[in-house]
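> Sequence first, predicted model second:
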Amino acid sequence: MQVSRRSLMLGGAAALAWRANPASALIAALGEAGLPVAVEALLGKMTLEEKAGQLTLMAAAWAGGAANKLNPIAPTGGYEGQLADAKAGRLSGVFNGNGTKMARAMQQVAMASRLKIPLIFAADVIHGFRTVFPVPLGEASSFDPALAERTARIAATEAAAAGIDWTFAPMVDIARDARWGRGVEGAGEDVLLGCDMARARVRGFQGSALTANDAVMACAKHFAAYGGGEGGLDYNSVDVSERSLREVYFPPFQAALDAGALSLMAAFNEISGVPATANHWLMTDVLRDQWGFGGLTVSDYTGDEELVGHGLAADERDAARLAFMAGVDMSMQSALYIKYLPDLVTAGAVPMARLDQAVRRVLRVKVALGLFDDPFRRIDPKREASRIGTAANRVVAREAARRSIVMLKNEGGLLPLPQDRKIALIGPFAQGQHDLIGPWNVYGADAEAIDLATGVRAAAGAHAQISVTDGSGVETPLDGGIEAAVAAARTADIVILAIGEGQDMSGEAQARTEIVVPAPQQALVEAVAATGKPIVILLKNGRALALDGAVLAAPTILVTWFLGSEGGPAIADILFGRASPSGRLPVSFPRAPGQEPYYYAHKSTGRPNPQGPLEAYKAHYRGIPNAALFPFGHGLTYGQIAYAGLETSNGGRLASDGTLAVSATVTNTGRAAAEEVVQLYVHDVAASITRPVRQLKAYRRVSLAPGKSEKVSFTLRGSDLTFIGADMKPAVEPGDFLVWIAPSAEADGVSGRFTLTA
């Protein structure tokens with residue numbers, strides 16, 4: 001049976017899918033041992049050191065403050081040392097550098113070298129360049145891959161205008177433990193949504209032609225299962241079954257490669273005792289032999305050197321050998337390859353054929369990027385001045401931010417707010433150029449983003465009275481802060497509380513044991529709530545949070561993530577009804593921190609609690625159900641949405657090689673227009689391998705005017721019900737399935753059954 005693109009791709013199917021993309025087709029056409037004649041000739045002229053140099057990538061010595069903070073290891077010899085390495089052929093490229101002036105100077109030196117091999121310039125362009133978009137987890141709330149493709153396209157255009165050829169994005173790790181800080185860089189907990197966002201972002205970054213001066217090469221990361229670290233701790237060990245790898249963690253990488261990603265980054269973590277950076281099964285057997293990937297693999301920042309810390313490698317030389325022979329072509333930042341590969345080849349510990357293979361892969365992507373035809377194609381100060389931070393780009397940033405906001409509650413229809421009211425804007429994120437663009441952004445700046453107070457003042461009406469009070473720091477109280485906030489609340493008609501996480505509380509190395517609103521802010525909310533004034537909670541967060549007390553009791557809660565350059569105006573658009581909230585949670589919000597890892601697609605166990613009160617000796621924690629506080633897919637609109645009339649075609653029978661239409665009528669019974677994200681879930685009632693309680697199989701955004709209905713239909717194929725069988729191969733088994741069309745992963749919506757036949 002042919003496995004669909006929305007299911008698992010293995011073996012020859014994956015190889016064919018990868019080569020079908022124009023960018024990867026070019027790599028495939030060049031072949032594992034082939035290059036354009038002129039470039040192939042260079043390989044024969046290269047010394048061992050020059051070959052190792054093509055496999056060496058370093059942080060740019062000439063970089064800005066943000067890059068220096070994110071890349072703390074200072075380059076040996078500084079900028080002059082990097083120029084000397086470029087001239088000597090000891091350097092393939094640099095990352096997180098400082099614009100076209102730097103890139104031009106370094107490329108000129110490289111093109112004056114003996115072999116004239118162009119440098120490659122890379123960067124962390126995770127959620128925008130100078131125009132900053134919502135963090136990827138926030139943008140995933142849009143459930144709109146087309147939007148993600150548009151924002152990635154703009155990010156690529158801006159980055160390429162600054163001389164960048166290659167971005168270390170998208171991060172496609174599935175993240176099912178909210179304690180892990182790097183979940184903010186991905187698309188959340190669901191495999192289907194993760195795959196769709198991975199494809200979209202790769203297409204956006206790479207554009208229609210990788211040789212274009214507005215395209216950058218994508219890099220899917222981190223291969224693999226980085227999001228599965230024990231306890232949600234960054235860099236921690238991962239011990240998962242091969243089935244979980246193939247069903248959960250691999251598919252977004254396969255989707256990214258299917259979309260044409262030409263590079264892939266190894267993960268920091270180990271898998272079943274073998275670090276990914278030295279895992280031959282992962283980096284070669286699966287990636288190369290089974291999936292047919294022909295692009296470039298790169299270590300993460302000093303990932304090869306860290307094999308010593310893992311306890312796998314005896315020393316740095318051994319670490320270089322292990323990583324390289326496992327299949328990691330390029331070393332990032334450690335310089336281990338340039339230090340040790342020449343001697344390892346001379347000593348016979350690394351075959352010359354493996355060295356040449358890796359060098360060809362690097363040269364092939366440089367060919368694919370058009371660097372041999374024009375080493376300066378992305379290095380143009382005029383484009384840098386004209387393409388970055390444009391008004392048109394900011395318009396898209398505002399749209400993306402608006403569509404990433406999720407409304408969790410709106411009791412009593414508190415929102416949208418009328419204009420010209422007395423508003424107390426309270427909280428550490430109420431005002432100021434801080435914590436606006438979110439974590440892991442190298443080139444954007446809070447100073448260029450619009451804060452909440454500015455956005456609210458512009459939308460609240462000419463006669464509105466707005467007071468702004470901090471009330472609390474992010475993680476520390478302010479002297480007199482609560483008293484000032486309470487006084488402001490008492491004189492207001494409505495209180496808007498902007499609380500949550502600072503941007504340094506999410507991202508790399510920011511795992512949290514208590515995924516709650518920080519205690520000083522919780523105390524602030526409790527005190528303000530005691531005034532009895534109506535409260536709107538605006539959560540700033542980079543992960544799912546466990547909400548409690550007055551925060552959870554507030555009548556209205558919006559999840560606003562880190563929205564980027566236009567966050568303030570976007571939030572105001574929602575608050576004052578210029579737009580209806582349309583975001584949906586890409587992660588489940590737990591009832592308590594100790595419930596993590598929690599995700600909707602869990603197994604039932606042999607003792608599921610039946611519907612109704614909690615029962616003893618069933619699978620739940622003391623006092624709480626095994627369910628989310630706010631589930632994956634949840635989000636409200638200013639309309640009122642009703643689901644009715646589930647229908648299935650073919651008498652509810654789906655042939656393994658056929659299709660089944662599943663439909664329901666969705667109605668907006670409210671008085672405001674709404675965008676609903678209609679979601680289709682299934683559950684395999686009995687299978688040879690136990691299946692999740694629900695799995696998302698499709699979703700669709702529907703715009704509904706007040707009082708209007710639409711019949712929403714989805715098409716299921718037999719291949720959509722594929723899972724990894726006992727023999728670790730894709731399987732589709734006849735049997736009965738439950739099906740839901742619903743507004744979230746734990747909502748009833750409308751439901752029914754169908755049968756998959758042989």
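Received the coordinates, thanks. Residues are numbered from 1 along each chain as shown.
> pLDDT weak spots in the protein?
1-19, 22-24, 26-34, 65 (pLDDT under 70).
> centroid residue for it?
When CA atoms, centre = their mean is applied to the chain, the residue found nearest the centroid is Gly186 (1.8 Å).
> just checking, that one touches Trp180?
No - contact status for Gly186 versus Trp180: not in contact, 9.7 Å apart, counting by CB atoms under 8 Å. C-beta: built from backbone N, CA, C; applies to glycine.
> Common neighbours of these two, please.
Shared contacts of Gly186 and Trp180 (CB atoms under 8 Å, 6 or more residues apart in numbering): Gly227.
> for the stretch 351-500 of the chain, what spans make up the strands?
Assigned by DSSP state E, counting those that start in this stretch, the strands in the stretch 351-500 of the chain fall at 406-410, 422-426, 465-469, 494-500.
> Alpha carbons only: can I get the first one in PDB?
Looking back up the chat, that one is strand 406-410. Provided in PDB are the C-alpha atoms of strand 406-410 (Å, rounded to 0.1, in the frame of the first residue of the first chain):
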ATOM      1  CA  VAL A 406      -6.300  32.500  21.600                       C
ATOM      2  CA  MET A 407      -9.300  33.400  23.700                       C
ATOM      3  CA  LEU A 408      -9.700  30.800  26.400                       C
ATOM      4  CA  LYS A 409     -12.600  32.300  28.200                       C
ATOM      5  CA  ASN A 410     -15.100  35.200  27.700                       C
END
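> What lies in contact with that strand?
When contacts are defined by CB under 8 Å, 6+ apart, strand 406-410 is touched by residues 141, 415, 554-559, 574, 581, 583-585, 589, 630, 634-638.
> Just give me how far it sits from the chain centre.
Put simply, strand 406-410 sits 22 Å off its chain's centre (CA atoms, centre = their mean, to the nearest Å).
> swap in the last one?
With CA atoms, centre = their mean as the basis, the distance from the averaged C-alpha position of strand 494-500 to the chain average is 27 Å.
> Spell out which strands sit alongside that strand in the sheet and which way each one runs.
Here strand 494-500 is paired, per DSSP bridges, with strand 422-426 (parallel), strand 535-540 (parallel).
> what number of residues lie near Tyr643?
Neighbourhood size, Tyr643 [other CB atoms under 10 Å]: 21.
> Look up which helix or strand it falls in, please.
Under the criterion of DSSP states H and E, Tyr643 resides in strand 641-648.
> Helices of the stretch 101-250 of the chain, start to end?
Taking DSSP state H, counting those that start in this stretch, the helices of the stretch 101-250 of the chain run over residues 136-140, 145-161, 191-206, 242-244.
> Out of those, which one sits most buried?
Of those, the one with the most neighbours on average (mean count of other CB atoms under 10 Å) is helix 136-140, at a mean of 30.
> Against which helices or strands is it packed?
Under the contact definition 3 or more CB pairs under 8 Å, 6 or more residues apart in numbering; DSSP states H and E, helix 136-140 sits against helix 145-161, helix 191-206, helix 391-404.
> if we go to 6 Å?
Of the remaining helices and strands, none touches helix 136-140 by 3 or more CB pairs under 6 Å, 6 or more residues apart in numbering; DSSP states H and E.
> continuing past the strand holding Tyr643, what's the next helix or strand?
strand 653-655.
> related to what we said a few turns ago, same list, the strands paired with strand 494-500, but as a markdown table with distance to Val486 and mean neighbour count please.
Output for the strands paired with strand 494-500, formatted as a markdown table (distance: least, CB to CB, whole Å; neighbours: other CB atoms under 10 Å):
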| stretch | distance to Val486 | mean neighbour count |
| --- | --- | --- |
| strand 422-426 | 9 | 25 |
| strand 535-540 | 12 | 24 |
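> Same list, the ones you listed, but as CSV with distance to Ser331 please.
As requested, these are exported to CSV (distance: least, CB to CB, whole Å):
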stretch, distance to Ser331
strand 422-426, 49
strand 535-540, 37
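> And those strands: which comes nearest Leu210?
With respect to Leu210, and counting by CB to CB, the nearest of the strands paired with strand 494-500 is strand 535-540 at 36.2 Å.
> May I have the closest one as CSV, with CA atoms only?
In CSV, the C-alpha atoms belonging to strand 535-540 read as follows (Å, rounded to 0.1, in the frame of the first residue of the first chain):
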residue,chain,number,x,y,z
ILE,A,535,-10.9,41.7,34.5
VAL,A,536,-9.4,40.7,31.2
ILE,A,537,-6.2,38.6,31.6
LEU,A,538,-3.6,38.8,28.8
LEU,A,539,-1.2,36.0,29.1
LYS,A,540,2.3,36.5,27.7
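> Need the nearest residue in space to Gly670, chain neighbours excluded.
Leaving aside its chain neighbours, Gly670 sits nearest to Gln640 (3.5 Å; criterion: CB to CB, 6 or more residues apart in numbering).
> and what of Tyr600?
Closest to Tyr600 by CB to CB, 6+ apart is Ala745, at 3.7 Å.
> Which residues are in contact with that neighbour?
The neighbours of Ala745, taking CB atoms under 6 Å, 6 or more residues apart in numbering as the test, are Tyr600, Pro631, Phe632, Gly633, Arg694.
> Using the three-state scheme, assign it.
Three-state assignment for Ala745 (DSSP: H, G, I helix; E, B strand; the rest coil): coil.
> His683 now?
Secondary structure state of His683, per three-state DSSP, is strand.
> Tell me which of the strands paired with strand 494-500 lies nearest to Met111.
For those, distance to Met111 was read as CB to CB. The smallest value, 46.0 Å, belongs to strand 535-540.
> by contact count, what packs against the following helix or strand past the closest one?
Scanning forward in sequence from strand 535-540 by DSSP H and E, the next helix or strand is helix 549-553. If you count contacts as 3+ CB pairs under 6 Å, 6+ apart, helix 549-553 packs onto helix 519-529.
> pretty sure Ala175 is touching Gly227, no?
Yes - counting by CB atoms under 6 Å, Ala175 does reach Gly227; the two are 4.0 Å apart.
> and the closest residue to Asn21 other than its chain neighbours, how far is that from Met330?
Nearest residue to Asn21 in three dimensions, chain neighbours excluded: Gly260, at 3.2 Å (CB to CB, 6+ apart). Computed as CB to CB, to the nearest Å, the Gly260 to Met330 distance reads 19 Å.
> what's the answer for Arg378, then?
Going from Arg378 to Met330 by CB to CB gives 19 Å.
> can you check Gly568 too?
Relative to Met330, Gly568 is positioned 40 Å away (CB to CB).
> and Gly303, what does it touch?
Ala266, Phe268, Thr277.
> backbone phi and psi for the closest residue to it other than its chain neighbours, please?
Nearest non-adjacent residue to Gly303, counting by CB to CB, 6+ apart: Thr277, 4.4 Å away. Backbone geometry at Thr277, expressed as degrees, to the nearest 10, gives phi -70, psi -20.
> thought Thr277 was touching Ser299?
Yes - assessed by CB under 6 Å, Thr277 is found in contact with Ser299 at 5.4 Å.
> List the contacts of Glu710.
Counted by CB under 6 Å, 6+ apart, Glu710 has contacts Val666, Val702.
> relative orientation of whatever helix or strand it lives in and strand 641-648 in degrees?
In the assignment (DSSP H and E), Glu710 maps to strand 709-717. For strand 709-717 against strand 641-648, the angle by axes from the mean of the first three to the mean of the last three CA atoms, to 10 degrees is 40 degrees.
> who does strand 709-717 pair up with?
Strand 709-717 pairs in its sheet with strand 659-668 (antiparallel), by DSSP bridges.
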